[in-house]
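1. Mind looking at a prediction? Sequence and model below.
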Amino acid sequence: MRLTSEFWVSALVRRINGSGAFAALGHKGAAEAGAIFIKFRNADGSYDLFGPAPQMVYDETKPDERQFTLLQSAVAEAEADAALDKQKRWDRDLWVVEIEEYRGERSALFPLARD
């Protein structure tokens, strides 16, 4: 059974904040199944934006595991925000988690889809 978006986001934020880094909810979406986007601030001040991986990349043996794909890399915050605003016009139920100061491996926080 797949975790609700609200539960998954809450656990992610708690785990990051507990590690000494900072995570905050940028936009609250639908509790049950809203799409989740992650806005990740890099050490150099640029941002990486992650979104839900396309359905075709999911592992058939783990259909309930959320996977993410890199949508934008090393962009200015305004560019990442513009991409999120575009997504919000299409889907108001999405979630946005903003992460700063995290120095660990990203794949330990959220699974990245293989290219």
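-> Structure's in. What do you need?

2. any idea of the pLDDT on G34?
-> Predicted confidence (pLDDT) for G34: 89.

3. my read: it touches D93, true?
-> Yes: using Cβ atoms under 8 Å, G34 is in contact with D93, at 4.2 Å. Quick note: C-beta positions are derived from backbone N, CA and C, even for glycine.

4. More neighbours: the two, which one.
-> G34 (21 against 15; other Cβ atoms under 10 Å).

5. now the more buried one: how far from R66?
-> The gap separating G34 from R66 is 12 Å, by Cβ to Cβ, to the nearest Å.

6. what does T4 give?
-> Distance of T4 to R66, computed by Cβ to Cβ: 11 Å.

7. Who has more neighbours out of the two?
-> Neighbour totals were compared for T4 and R66, and R66 leads with 18 against 14 (other Cβ under 10 Å).

8. Setting aside sequence neighbours, what's the nearest residue to the more buried one?
-> W8 (6.5 Å; Cβ to Cβ, 6 or more residues apart in numbering).

9. What's the first helix or strand after the strand or helix carrying that neighbour?
-> Taking DSSP states H and E as the definition, W8 sits inside helix 5-18. Sequence-wise, the next helix or strand downstream of helix 5-18 (DSSP H and E) is strand 22-27.

10. The residue nearest to R66 contacts E65, doesn't it?
-> No: look at W8 against E65 with Cβ under 8 Å: they stay out of range, at 10.4 Å.

11. ok, now which ones touch S46?
-> S46 sits next to 74-76 when contact means Cβ atoms under 8 Å, 6 or more residues apart in numbering.

12. Spatially, what comes nearest to the residue nearest the centre of the chain if we skip its sequence neighbours?
-> The chain has I38 as the residue nearest its centroid, 2.5 Å off, counting by Cα atoms, centre = their mean. Distances taken as Cβ to Cβ, 6+ apart place F50 nearest to I38, at 4.2 Å, with adjacent residues excluded.

13. what number of residues lie near the one you found?
-> Counted with other Cβ under 10 Å, residues neighbouring F50 total 24.
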